[in-house]
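K.L.:
No letters, just coordinates:
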């Protein structure tokens with residue numbers, strides 16, 4: 001079983017206002033450690049709200065917060081397309097720390113590619129590597145057929161694709 005890796009930690013330094021914490025908002029990308037997700041901001045813009053309207057409704061946000069959320073969402077969409085399409089083309093399992101990748105799978109309604117999401121503060125292989133390898137071995141048949149597997153230090157989750 002081949003793996004197609006996609007880890008986003010290095011690029012996060014470009015987005016200094018975007019933070020992710022597994023213990024906050026389910027690990028979703030947030031603005032400056034606040035309980036305001038990138039998805040909420042992008043969703044509001046998507047339904048026609050202006051940046052000025054968002055800033056009026058959320059006075060603790062700054063214009064650059066909204067702009068950076070939009071840039072981050074665009075970057076993620078581009079990266080996910082590359083990973084998603086690359087993993088399909090090469091018949092691989094995508095291995096990623098991108099906690100929102102499941103939404104891409106749900107939206108695509110496809111049974112491929114299988115994805116292994118790694119959750120946690122410490123992505124060092126010494127910390128979580130054994131759990132990932134154990135999950136790959138234990139769930140190999142499911143991953144070959146199409147699955148979303150989430151691994152953290154405490155548990156491993158499994159969803160069969162397509163998600164619906």
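P.N.:
Nice, thanks for sending it over. Model, not experiment: these values are computed from the prediction.
K.L.:
On the C-terminal side of the helix or strand where residue 41 lies, identify the next helix or strand.
P.N.:
Using DSSP states H and E, residue 41 sits in helix 38-46. Using DSSP H and E, the helix or strand that follows helix 38-46 in sequence is helix 51-57.
K.L.:
Not counting its neighbours along the chain, what's nearest residue 39?
P.N.:
Nearest residue to residue 39 in three dimensions, chain neighbours excluded: residue 28, at 6.4 Å (Cβ to Cβ, 6 or more residues apart in numbering). Any C-beta I mention is one placed from the backbone N, CA and C, and that applies to glycine too.
K.L.:
Revised request: answer the last question for residue 147.
P.N.:
residue 114 is the one closest to residue 147 (Cβ to Cβ, 6+ apart), at 5.0 Å.
K.L.:
my guess is the one you found meets residue 141, correct?
P.N.:
No: the pair residue 114 / residue 141 is not scored as a contact, 10.7 Å apart, by Cβ atoms under 8 Å.
K.L.:
out of the two, which sits in the more crowded spot?
P.N.:
residue 114 (26 against 9; other Cβ atoms under 10 Å).
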